[in-house]
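Novice: coordinates only, sequence not included:
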């Protein structure tokens with residue numbers, strides 16, 4: 001792929017988000033040392049449009065998001081779809097929530113293009129053969145509280161940028177913005193699952209997918225569960241690959257969906273509770289889209305697995 005900077009691309013989108021803060025219902029402030037903070041749902045309302053832009057920021061500007069609607073049973077919900085011609089870099093090299101940020105009692109998962117400067121985690125960037133070079137860094141934190149000041153210095157240092165060139169978007173899963181940008185990770189979830197199954201993500205030449213944006217809850221655990229259910233039971237992903245073995249590709253497709261996991265079948269909040277609220281006790285194979293279609297550009301054949309599970313989605317909505 002041509003050399004692109006996910007941080008430079010994302011910074012343009014961040015500037016638009018900041019310049020239209022009232023429209024997007026976000027609040028922009030500065031830290032003591034000049035880092036730009038964008039609150040997208042902690043002390044402000046945020047919204048679907050903010051979530052859409054944050055999704056594109058998380059993709060490093062290498063993908064487009066669109067909002068429409070979908071039905072779950074008899075109920076109508078917003079849905080978000082994502083398309084990208086740079087699947088490995090946009091999802092694994094940027095959007096993946098792969099940076100654990102900690103300071104004292106503060107913890108948050110970091111995603112977005114800043115990861116490509118800090119190479120968090122390094123193993124992922126080795127697999128996709130990408131690293132960014134930019135004097136600006138953009139990080140998205142899934143959190144319901146503002147980080148302590150030292151976090152900005154630590155992040156800036158890891159990204160090799162000055163603190164005043166750091167942009168941090170704060171988006172809780174209990175907000176509409178948060179639920180939207182999580183649903184916007186269906187493609188990322190699918191690509192990550194394929195990589196963990198041993199498939200070379202660089203062989204994926206384009207990808208698209210969608211998931212519903214389910215009603216937001218104020219309880220953080222229930223909100224987290226519902227946002228996961230949107231992908232695990234409602235996410236529909238399509239990838240186009242260059243691959244020489246259709247038989248192996250068909251087998252891989254069957255393993256790449258959430259229903260291939262033994263823990264499939266109940267709302268994620270229940271699975272999380274059964275695991276003692278420990279993510280590490282949950283089968284990694286469960287973190288996959290509901291539906292996967294793999295199209296082989298070499299042979300023209302398509303293979304699909306999984307289904308949208310309306311029954312479990314409705315159970316999730318009734319919790």
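Specialist: Noted; the coordinates are in hand. The structure displayed is predicted, hence computed values, not measured ones. Residues are numbered from 1 along each chain as shown.
Novice: tell me what the host helix or strand of residue 240 is packed against?
Specialist: In this assignment (DSSP states H and E), residue 240 forms part of strand 236-241. Helices and strands touching strand 236-241, by 3 or more CB pairs under 8 Å, 6 or more residues apart in numbering; DSSP states H and E, are helix 186-196, strand 204-212, strand 291-296. Quick note: C-beta positions are derived from backbone N, CA and C, even for glycine.
Novice: list the helices and strands the last one packs on?
Specialist: The elements that strand 291-296 packs onto, with contact taken as 3+ CB pairs under 8 Å, 6+ apart, are strand 236-241, helix 246-255, strand 302-306.
Novice: so which of these is nearest residue 134?
Specialist: Each of the helices and strands packed on strand 291-296 has some distance to residue 134 by CB to CB; the shortest is strand 236-241, at 27.6 Å.
Novice: now the angle between strand 291-296 and that closest one, please.
Specialist: Using axes from the mean of the first three to the mean of the last three CA atoms, to 10 degrees, one finds that strand 236-241 and strand 291-296 are set 20 degrees apart in direction.
Novice: state the mean pLDDT of strand 236-241.
Specialist: Mean per-residue pLDDT for strand 236-241: 98.
Novice: give me the phi and psi angles of the most centrally placed residue in the chain.
Specialist: Central residue of the chain (CA atoms, centre = their mean): residue 185, 3.5 Å from the mean position. Per-residue torsions, residue 185: phi -100, psi 10 (degrees, to the nearest 10).
Novice: list the contacts of it.
Specialist: Residues in contact with residue 185 (CB atoms under 8 Å, 6 or more residues apart in numbering) are 55, 58, 95, 97, 211, 231.
Novice: equivalent analysis for residue 32, please.
Specialist: residue 149.
Novice: poorly predicted segments of this structure, please.
Specialist: Residues of the chain meeting the criterion pLDDT under 70: 1-2.
Novice: those helices in it, which residues are they?
Specialist: For the chain, the helices defined by DSSP state H occupy 6-19, 21-24, 48-58, 87, 115-118, 122-128, 149-159, 176-183, 186-196, 220-232, 246-255, 268-274, 310-317.
Novice: how many neighbours does residue 115 have?
Specialist: Counted with other CB atoms under 10 Å, residues neighbouring residue 115 total 32.
Novice: show me the contacts for the nearest residue to it once chain neighbours are set aside.
Specialist: Of all residues not flanking residue 115 in the chain, residue 99 sits nearest, at 5.3 Å (CB to CB, 6 or more residues apart in numbering). Counting by CB under 8 Å, 6+ apart, residue 99 touches 109-111, 114-115, 118, 120-121, 139.
Novice: can I get these in TSV with distance to residue 6?
Specialist: Written out in TSV, the entries for those read as follows (distance: CB to CB, whole Å):
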residue	distance to residue 6
109	18
110	14
111	12
114	9
115	9
118	12
120	13
121	16
139	12
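Novice: could you flag which of those are buried?
Specialist: The neighbour count (16 or more other CB atoms under 10 Å) marks 110-111, 114-115, 118, 120, 139 as buried among the contacts of residue 99.
Novice: restricted to strands, list those residues.
Specialist: Residues of these located in strands (DSSP state E): 110-111, 139.
Novice: which one of those is nearest to residue 305?
Specialist: Among these, and counting by CB to CB, the member closest to residue 305 is residue 111, at 26.5 Å.
Novice: how far away is the closest one from residue 220?
Specialist: 17 Å (CB to CB, to the nearest Å).
Novice: can you check residue 50 too?
Specialist: For residue 50 relative to residue 220 (CB to CB), the value is 19 Å.
Novice: now the helices of the chain as JSON lines including distance to residue 166?
Specialist: Formatted as JSON lines, the helices of the chain follow (distance: least, CB to CB, whole Å):
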{"stretch": "helix 6-19", "distance to residue 166": "10"}
{"stretch": "helix 21-24", "distance to residue 166": "18"}
{"stretch": "helix 48-58", "distance to residue 166": "14"}
{"stretch": "helix 87", "distance to residue 166": "27"}
{"stretch": "helix 115-118", "distance to residue 166": "10"}
{"stretch": "helix 122-128", "distance to residue 166": "20"}
{"stretch": "helix 149-159", "distance to residue 166": "5"}
{"stretch": "helix 176-183", "distance to residue 166": "19"}
{"stretch": "helix 186-196", "distance to residue 166": "23"}
{"stretch": "helix 220-232", "distance to residue 166": "26"}
{"stretch": "helix 246-255", "distance to residue 166": "39"}
{"stretch": "helix 268-274", "distance to residue 166": "32"}
{"stretch": "helix 310-317", "distance to residue 166": "36"}
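Novice: of those, which approaches residue 80 most closely?
Specialist: helix 176-183 (5.0 Å).
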